[in-house]
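Enquirer: Generate coordinates for the sequence data below:
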Amino acid sequence: MRIALIAHDKKKDELKDFVAKHVDFFRMHDLYATGTTGSILIAHTGLKISLKKSGPLGGDQEIGSMIANGKIDMVFFFRDPLSAQPHEPDVSALLRLSDVYKVPLATNIETAKLFMKFEKK
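Expert: Take a look at the predicted model:
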């Protein structure tokens, strides 16, 4: 499976801890991440992750393009709903593309945990 990993600044530690807890699952898949998030995940977990640009510099759009072209099967995007994001239109477009192309999208830790429960069956 091809999985995208993205997190807003205030959610990067939460995603890092989640991925570390499920590192054996993520190790079995092709991983893609926006620049800063991916760099943190690589340093913390040692996973092989293909990095895109940082979200505000076009990384969200790069992941969105991959979704539109059938190159992403699942997205973990830990969003910070309480902080304004300067690239909010890009974030909205990525979420919309996930819906249009029916790509499972976890935007918070509890949804991500459900993905892990379904994967183990």
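Enquirer: Grab the longest helix from the chain for me.
Expert: The residue-count maximum for a helix in the chain (DSSP state H) belongs to helix 88-100.
Enquirer: what about residue 82, is that helix, strand or coil?
Expert: coil (DSSP: H, G, I helix; E, B strand; the rest coil).
Enquirer: residues of the longest helix of the chain that come out buried?
Expert: In terms of neighbour count (16 or more other CB atoms under 10 Å), helix 88-100 has its buried residues at 90-91, 93-95, 97-98. C-beta: built from backbone N, CA, C; applies to glycine.
Enquirer: Lowest-confidence one in the residues you listed?
Expert: Within the buried residues of helix 88-100, pLDDT reaches its minimum at residue 90, with 77.
Enquirer: and that one, what is it in contact with?
Expert: Applying CB atoms under 8 Å, 6 or more residues apart in numbering to residue 90 gives the contacts 55-56, 58, 60-61, 64.
Enquirer: What pLDDT does the model give the spatially closest residue to residue 27 that is not a sequence neighbour?
Expert: Nearest non-adjacent residue to residue 27, counting by CB to CB, 6 or more residues apart in numbering: residue 47, 6.3 Å away. You'll see residue 47 listed with a pLDDT of 98.
Enquirer: Residue 47 is in contact with residue 40, isn't it?
Expert: No - using CB atoms under 8 Å, residue 47 is not in contact with residue 40, being 11.0 Å away.
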